[in-house]
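> Provide a 3D model corresponding to the input given below.
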Amino acid sequence: MKGLLTIIGLLATTTGHCQQTMHLWYQQPATYFEEALPLGNGRLGALVYGDANDDVVQLNDITLWSGKPIDRQEDAGASKWIPDIRKALFNEDYRKADSLQLHVQGHNSSYYMPLATMHIVDYGSNADVTDYRRSLSLDSAIAYTTYYKGGVTFKREYLASAPDQLIAIRLTASQPRQINAEVQLTSLLNHRVKAKGNQLTLTGHATGDEKESIHFCTMLQVNHRDGSVEATDSTLQLTGVSEAIIYLVNETSFNGFDKHPVKDGAPYINNALDRLWHTHNVTFDEVKQRHLTDYRALFCRTSLTLGKQTDVSTKPTDMLLKSYHQGNDADDRYLEALYFQYGRYLLISSSRTPAVPANLQGLWNPHLQAPWRGNYTININLEENYWPVFAANLQEMALPIDGFVQALAENGRYTSKNYYGIEHGWSAGHNSDLWAMANPVGEKNEKPEWANWPLGGAWLVETLWEKYLFTQDLQYLKTIAYPLMKGAADFCLDWLVENPNNPKELFTAPSTSPENEYVTDQGYHGMTCYGGTADMAIIRELFINTIAAGRLCGDDVTALKQALPRLHPYTIGKDGDLNEWYHDWRDYDPHHRHQSHLIGLYPGHHIGSFSDVAHTGYDGRQEELLKACEQTLIQKGEKTTGWSTGWRINLWARLHNGEQAFHIYQKLLEYVPAGPRRKGQGGGTYPNLFDAHPPFQIDGNFGGTAGVCEMLVQSNIQFEAEPRTTIELLPALPAAWSEGKVEGLRARGSYEIAMTWRHGKVTSATIKADKGGIITVRYNGKSKTFRLKQKQIKKLNG
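You can find the predicted model right below:
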């Protein structure tokens, strides 16, 4: 846990702008997962249901997955099929190419596992429960349940502490000796539970062979005042207690992506015992204070007020969501700001474990078979998880990505050789997992549209480049980001082939556009093609960024500079949209959730108002490409999944269309009931503000938070003789947000922004330079250029 301790050390001197009014609250306990309140310390997660009579707390550990380290010789020699696939493609035999792609597929990912479930069962009074309230405070990351029963007010506080690496729950009552409850631990996994004294110990292992799986040890201890705590065979009985503190710790045998979880596993039982030992002489208030100091140093960096918001809405959060966009502007603005801050809260809660990033479910998964395995989906979803991390001032939360990409690159070198016959660099496919698998998935019987795609690594390293752009940490660029970017670029250089129709051009073959399908002019409905626009966008963005990084690191990037202008250019279709395929084919589903061919607009930078059209290869004006991107989004429509909705907010913001970006943000906030999925249901938001893909996927939450950042501040760095940063204030502000205030947003170049605005115009702004440099600020229809020194603050008036 050295990485986690380093983060805490970095936070100690942080000051911020905490909003004391951000919370979720409800008048009834949760019945479904999508109503429960999430807590997390970056490794341990809890979902609090809050029932007065049987309080369920579902538990997760982000290092508990099925599987074991990959076999790096899997499918060695599968690359022999690549020439045959290319031959079929260049003969325009797309059906044969689709079928041959199955030979270039490996195993599917492991599953992210549920850990355990805690029950706090009240066996005291049978009286009715009244005055019930369940809440989650975002400014403190503490959940509460309060209720009145049998003449007594009961209160429960729940927190997940990063400094102490535990979950703590305090039970109190308004009168002494009124707590009578049973504490239980169970699990969906193969497990054993023992009770002794005031402790429960649950041990078990992930699905699969016990000798090949990750093992875990969950330990729970109850400290109490008055009354008694007695052990049965497998539970703890609390009788006549005035106050009870429940501490829960967990450790797994996961010891690294390349270490066998049993033969080379971590000493998980001893580690759990050590964690629990530290709770013997600590008070809940001490744990709580350490937690608050740590958490608020992160969360309170950034505040946002929209409209004339002055206080918390009086409506419960589920009612606030149901009544959204029905005429109460104050409530709507509060919910919009709450959703923004909730995304930041979820990122802090789920992304603090070195080399183990937030997954599709973030941290919270109650299912033995999580949707889409709860894995790392690298054709958009893992990237989207980290879109807000820098702009929303949570750069330390990106630490897990660094270690994960390093592991992915190690395995990806074997993937490149085994499946593609490429000896240089590294690659990764559509999915990965705790073991950093990099191979193409599909197990030789699934659709190439998602299984056969080698550019996951090439896209994912953009997060590392963004970290450099926002922090200006040259040492990080030289030692971590650039070597990984260069490795991904080296693979792409060898993966590109000359276009047989135009040998001056380079493109990919085979190619797919993530999860989408085409219909050729001859009517064939297929997936495999050559020169897909998404491939070319990812490679183009990678080459542009790696060339800039190489110059900063003093490396020779001649090969990339020579290849960049040869990349097959963007083309515009007969309907005015940006072509997704090499040919102007129609999409089988014109409203498809993926819009991967727009990566150059967002999250990339080579299409846009800051960009040089020469980098796109397009023989025309940048404005024409922007118009084609807009037409593509119009064709896509508005009904789509949660994560795709989040992406489209950012795309419309990059187009400087604040009204449409806001309209899509409103779509993201459409109420979706908890419980079983309803047929035909699109994206939206569940009662606990989790994103509805459906089902729950956390990337939509993060996409929404990133979208708000993008509507309020956009930035870019031009690498000339001396880097120059351009910052746009309120580049995509909707009329509904004509008045507001934000503090603590970040811009590329390592600048921090605070501003207020009225009537859609900036009235005052401050820009703080961490490192200094030349900066141009665009706002209120004007542009100002100046140089800032390190730590200098520049004040701007409207």
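
> Can you show me the helices along the stretch 251-400 of the chain?
Taking DSSP state H, counting those that start in this stretch as the test, the helices found in the stretch 251-400 of the chain are 268-277, 284-299, 317-322, 329-350, 381-385, 399-420.

> now the stretch 501-650 of the chain
According to DSSP H, counting those that start in this stretch, the stretch 501-650 of the chain carries its helices in the segments 533-553, 558-563, 622-636, 642-654.

> Pull the residues that contact the shortest one.
Contacts of helix 558-563 with the rest of the structure, by Cβ atoms under 8 Å, 6 or more residues apart in numbering, involve Ala489, Leu493, Leu496, Leu506, Phe543, Thr546, Ile547, Gly550. (C-beta placed from N, C-alpha, C; glycine too.)

> which of these tops the neighbour count?
Using other Cβ atoms under 10 Å as the neighbour criterion, Thr546 leads the contacts of helix 558-563 with 28 neighbours.

> give me every residue that touches the residue nearest the centre of the chain.
Per Cα atoms, centre = their mean, the C-alpha nearest to the average position across the chain is that of Asn385, at 1.8 Å. If a contact means Cβ under 8 Å, 6+ apart, then Asn385 has Leu347, Ser351, Pro357, Ala358, Gly362, Ile698, Asp699, Phe702 as its contacts.

> what about this protein, any weak spots by pLDDT?
Flagging of the chain using pLDDT under 70 yields the residue ranges 1-17, 19-20, 309-312, 678-681.

> rerun at 80
Applying pLDDT under 80 to the chain picks out residues 1-20, 308-313, 609-615, 677-682.

> sorry, back to before: which of the contacts of Asn385 are buried?
Leu347, Ser351, Pro357, Ala358, Gly362, Ile698, Asp699, Phe702 (16 or more other Cβ atoms under 10 Å).

> Of those residues, just say which sits nearest to Lys636.
When the buried ones among the contacts of Asn385 are compared for distance to Lys636, the smallest value, 17.6 Å, is given by Asp699; criterion: Cβ to Cβ.

> among the contacts of Asn385, which two are most distant?
Looking at those by Cβ to Cβ, the two members farthest from one another are Ser351 and Asp699, with 12.5 Å of separation.

> before we move on, the earlier item: so which of the helices of the stretch 501-650 of the chain comes closest to Thr293?
Nearest to Thr293 among those is helix 642-654 (31.4 Å), distances taken as Cβ to Cβ.

> Which SSE is immediately downstream of that closest one?
The first helix or strand that comes after helix 642-654 along the chain, using DSSP states H and E, is helix 658-668.

> elements contacting that following helix?
Judged by 3 or more Cβ pairs under 8 Å, 6 or more residues apart in numbering; DSSP states H and E, the packing partners of helix 658-668 are helix 642-654, strand 684-685, helix 699-712.

> Okay, angle between that helix and helix 699-712 too, please.
Helix 658-668 and helix 699-712 are oriented at 160 degrees to each other (axes from the mean of the first three to the mean of the last three Cα atoms, to 10 degrees).

> Begin at 98, not 1, for the rest of this chat.
In the new count, where the first residue is 98, that last one comes out as helix 755-765.

> picking that back up, reformat the helices and strands packed on helix 755-765 as TSV; add distance to Glu307.
Formatted as TSV, the helices and strands packed on helix 755-765 follow (distance: least, Cβ to Cβ, whole Å):
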stretch	distance to Glu307
helix 739-751	36
strand 781-782	40
helix 796-809	33
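
> For Arg430, find the nearest of these.
Closest of the helices and strands packed on helix 755-765 to Arg430 is helix 796-809, at 11.9 Å (criterion: Cβ to Cβ).

> which residues sit in contact with Ala455?
Going by Cβ under 8 Å, 6+ apart, Ala455 touches Ile159, Leu443, Leu444, Ser447, Ser448, Asn482, Pro497, Ile795.

> for the last one, what are its contacts?
Neighbouring residues of Ile795 by Cβ under 8 Å, 6+ apart: Leu443, Ser447, Ala455, Leu457, Gln458, Gly459, Asn482, Phe787, Asp788.
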